[in-house]
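1. Sequence and computational prediction follow.
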Amino acid sequence: MDFVSIRIITDEINRLVGFYEKITGVQAAWGNEDFAELRTAHGTLAIGSTRTVGLFAPGSARPAENHSVIIEFLVEDVDALYGKLKGVVDEFVNEPTTMPWGNRALLFRDPDGNLVNFFTPVTPAAIERFRR
């Protein structure tokens, strides 16, 4: 088995895709007006409009109601990115903070309220865990 992607369902696909393009620097690949993917070396963030839900399971997904999932991105320097995100992100949950498991993490919300974590491993064990 291979984990491939996570998909966010949204009422405002252009706004959400634009937000993720800005914060990641990754250009979205659009399948059509209702579906786009931001592909990285190790995973894909897919974004679909609410119109796509009816195609696979009507009523099964509701946009902007996530309170349990955190979308995480490994970044080179979370502290440097924090300054750059201040004009793009409306709601920061915390400032860059070193976590007990060795990552320096920055949590914020995307325009739909989903939690996003940008993190940089900073301890030797965390750096080794994420060595690519």
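-> That came through, no problem.
2. Setting aside sequence neighbours, what's the nearest residue to residue 73?
-> residue 118 (5.3 Å; CB to CB, 6 or more residues apart in numbering). Backbone N, C-alpha and C define where each C-beta goes, glycine included.
3. The residue nearest the centre of the chain: what's it in contact with?
-> Centroid check for the chain by CA atoms, centre = their mean gives residue 71 as the closest residue, at 4.3 Å. Each residue near residue 71 by CB atoms under 8 Å, 6 or more residues apart in numbering is listed here: 6, 8, 45, 110, 114, 115, 116, 117.
4. Between these, which sits nearest residue 98?
-> Residue 98 lies nearest to residue 117 out of these, by CB to CB, at 13.3 Å.
5. who does the helix or strand containing residue 119 pair up with?
-> Element membership for residue 119 (DSSP states H and E) is strand 115-121. Here strand 115-121 has these sheet partners by DSSP bridges: strand 70-74 (parallel), strand 103-109 (antiparallel).
6. Would you mind listing which of the contacts of residue 71 are buried?
-> The neighbour count (16 or more other CB atoms under 10 Å) marks 8, 45, 110, 114, 115, 116, 117 as buried among the contacts of residue 71.
7. Switch those over to CSV; also include distance to residue 25 and pLDDT.
-> Listed next are the buried ones among the contacts of residue 71 as CSV, based on distance: CB to CB, whole Å; pLDDT from 0 to 100:
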residue, distance to residue 25, pLDDT
8, 18, 97
45, 13, 98
110, 15, 97
114, 19, 97
115, 20, 97
116, 14, 98
117, 17, 98
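8. which one of those residues is nearest residue 65?
-> residue 114 (9.6 Å).
9. In this structure the closest one contacts residue 6, no?
-> No: applying CB atoms under 8 Å, one finds residue 114 not in contact with residue 6, separated by 10.1 Å.
10. Next, show the common contact partners of the two.
-> Taking CB under 8 Å, 6+ apart as the contact rule, residue 114 and residue 6 both touch 69, 71.
11. the bottom helix or strand of this protein by mean pLDDT?
-> Within the chain, no helix or strand scores below helix 53-56, which has a mean of 89 by mean pLDDT, DSSP states H and E.
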